[in-house]
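> only the shape, not the letters, is given here:
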């Protein structure tokens, strides 16, 4: 309403619908244009495929702990980063090779999304296997190569892929108990830490719980490598600038040992490979910068020089990239257990520990 400095107030001037919309929307538009760009959009999806052999009579109850640990961690990641969690859990009757390959092949992924794959169950390798990643083992003696999983997830085109397996890399598994340990972070650091790792990185990270020829240890509170990874993750999100490299160095770059209740020491060496880098963010002009003025009508229009393209993130050159996992191999023949061992388990020695 306009008021005169003296005399009778003038009648109010009513705005039409279009003028009212312009009056309301213009300030909002100016505010939105002035907001800084800090990284990928928070509208990204977090695709999770969690595969757990809960039906196994020997390790089922222990790897169920792994499932609970990962469920809570995935929910935490989605909550604190703003990503939408799209989770597929394959356990019990759904712990089958065709269900897992179907879930991976059926992922519908956008270029800014994140994929997390996690497997906890039996693993093994064959004598002629030439690279480190293990096979997953299913109860009908069908194998699945972890190398195929990594390649199939990379081919989806997500911004970041994290693939982890907690399984033996030979044919032996032991069961001991271990209490979960972790390093917490304050609420603010946790939010910033998760966003830094899962929203501001691109590439892939893959880790396995044991090198070729070694067993992996399942425990009453979760498998050792799973606990090691989650502990390293919680420690890293509390750092000023979280980074995947020191995280994986802590989780998989050192030997894990545990003394069982029988006094025997169990030991395993995890390993990992990665090609992930932090996303560069283009700096925005100050929000208070005034709009450019138009030249007088009598002058020729100003020529705006071409703007350089926004900086893009480049992967390391081909010569510096770690070699990709070899192409999928034809699954080896079913491995039959010797007569003296429990029926249905791959050849080798089974060592249950109470």
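Happy to help now that I have it. None of these values were measured; they are calculated from a predicted model. Numbering: from 1, shown residues only.
> rest of the way, CA atoms for contacts and neighbours
OK.
> how about low-confidence regions in the stretch 1-150 of the chain?
Within the stretch 1-150 of the chain, the stretches with pLDDT under 70 are 1-42.
> which stretches of it form helices?
17-34, 60-81, 97-105, 146-154 (DSSP state H, counting those that start in this stretch).
> in the last one, which residues are buried?
So the one you mean is helix 146-154. 146-150, 153-154 (16 or more other Cα atoms under 10 Å).
> same check on the third one?
Within helix 97-105, the residues that qualify as buried are 97, 100, 104, counting by 16+ other Cα under 10 Å.
> same check on the longest one?
Neighbour-count burial for helix 60-81, with 16+ other Cα under 10 Å as criterion, is recorded at 60-67, 69-70, 74, 76-78, 80-81.
> give me the helices and strands touching that helix, please.
Using 3 or more Cα pairs under 8 Å, 6 or more residues apart in numbering; DSSP states H and E as the contact test, the elements touching helix 60-81 are strand 45-52, strand 84-91, helix 187-199.
> reformat those as TSV; add mean neighbour count and distance to residue 244.
What follows is the helices and strands packed on helix 60-81, written out as TSV (neighbours: other Cα atoms under 10 Å; distance: least, Cα to Cα, whole Å):
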stretch	mean neighbour count	distance to residue 244
strand 45-52	23	17
strand 84-91	17	21
helix 187-199	20	7
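> I'd like these as TSV, with distance to residue 205 appended.
Formatted as TSV, those follow (distance: least, Cα to Cα, whole Å):
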stretch	distance to residue 205
strand 45-52	14
strand 84-91	19
helix 187-199	11
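> out of the ones you listed, nearest to residue 219?
strand 45-52 (14.3 Å; Cα to Cα).
> contacting residues around the closest residue to residue 193 other than its chain neighbours?
Spatial nearest neighbour of residue 193, chain neighbours left out: residue 237 (4.0 Å); criterion: Cα to Cα, 6 or more residues apart in numbering. Going by Cα atoms under 8 Å, 6 or more residues apart in numbering, residue 237 touches 185, 189-190, 192-194, 197.
> which of those residues sit farthest apart?
Using Cα to Cα, the pair of the contacts of residue 237 lying farthest apart is 185 and 197, separated by 14.5 Å.
> now do the same end-to-end measure for stretch 127-142.
Its start and end residues considered, stretch 127-142 measures 17 Å (Cα to Cα, to the nearest Å).
> buried set for that stretch?
Neighbour counts using 16+ other Cα under 10 Å place 132-139, 141-142 of stretch 127-142 among the buried residues.
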